[in-house]
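>>> here is my input; please provide its structure:
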Amino acid sequence: LEEISGSPRGGKVDRTSSLIREAAEEPEMLCPVVRLLTGELWPRWEGREMGIGPESIAAALADVCDIDLSIERHQKGDMGLVAEAALRHKRQSSLFGQPLDVLAVYEDLRRISSFKGSDSDQRKTAVLRGLFLLASPEEGKFIARTALRSMQAGLGLRTMIEAISSALACDAQSLARA
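Model (predicted):
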C-alpha cells in the first residue's frame with residue numbers, strides 16, 4: 001500500500017494488478033486483498049460499519065505506545081500517520097518479527113463490526129490493540145486508515161477496475177458493468 005500510494009496512476013494500476021494476481025493464486029485471498037486495498041471491508045449495499053472512530057484508534061495506541069498522542073494528533077491530523085509515529089515507540093514488541101497475515105488482519109477488522117452491547121467499545125479497542133501490538137509502524141498506518149475507511153492510497157473505482165482487469169485478464173468494460 002505504501003508503494004501504491006506514492007505511485008502515479010499507471011504505477012498504481014501495475015502494482016495493484018501484481019498484488020491481485022498474486023492473491024488470485026489462493027482464491028480465498030482475492031476478496032480480502034481487494035477489500036483491504038480499497039479500505040472497504042464490505043460491499044456498500046450491506047451498510048455495515050465498524051463503529052470505530054479516531055478516539056478508538058487513539059485508545060488502542062495509548063495502550064501499546066509511549067508517546068503523547070495528543071501532540072501527534074495535533075501535528076499530523078491523519079490517524080494513519082499518528083499510528084505510524086506511535087508504533088515507532090511501542091512499550092512491547094511482538095515475539096515474531098514478521099509482517100502481519102493479510103487474512104488475519106481482514107478477519108479481525110471485520111470481526112470488530114460484530115461487537116454489540118455495553119462492552120463493545122472495550123472489545124473493539126482490544127482487537128485494535130492486538131493488531132497494533134503485532135504491526136510495524138507502516139502496517140499500523142494502514143490498519144488505522146482501514147478502520148476509519150480513509151485509505152488515502154489513490155485506489156478509486158476506475159483504478160481498481162483496471163487493475164483487476166489486468167490481473168485476471170478480463171475486459172475492463174465488462175467488469176465495470178458487472
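>>> mind listing what the spatially closest residue to residue 163 that is not a sequence neighbour touches?
Computed as CB to CB, 6 or more residues apart in numbering, the closest residue to residue 163 that is not its neighbour in sequence is residue 16, at 3.7 Å. (Each C-beta comes from the backbone N, C-alpha and C, glycine too.) The contact partners of residue 16, taken as CB atoms under 8 Å, 6 or more residues apart in numbering, are 4, 37, 155, 159, 160, 163, 167.
>>> do that again at 10 Å, thanks
1, 3-4, 7, 33-34, 37-38, 153-155, 159-160, 162-164, 166-167 (CB atoms under 10 Å, 6 or more residues apart in numbering).
>>> for residue 59, same thing?
Contacts of residue 59 by CB under 10 Å, 6+ apart are 53, 69, 121, 122, 124, 125, 126, 128, 129.
>>> from residue 64, how far out is the third one?
When distances are taken as CB to CB, to the nearest Å, residue 121 and residue 64 turn out to be 17 Å apart.
>>> now residue 170, what's its secondary structure?
With DSSP: H, G, I helix; E, B strand; the rest coil as the basis, residue 170 sits in coil.
>>> pretty sure it contacts residue 163?
No: with contact defined as CB atoms under 10 Å, residue 170 does not count as touching residue 163 (11.5 Å).
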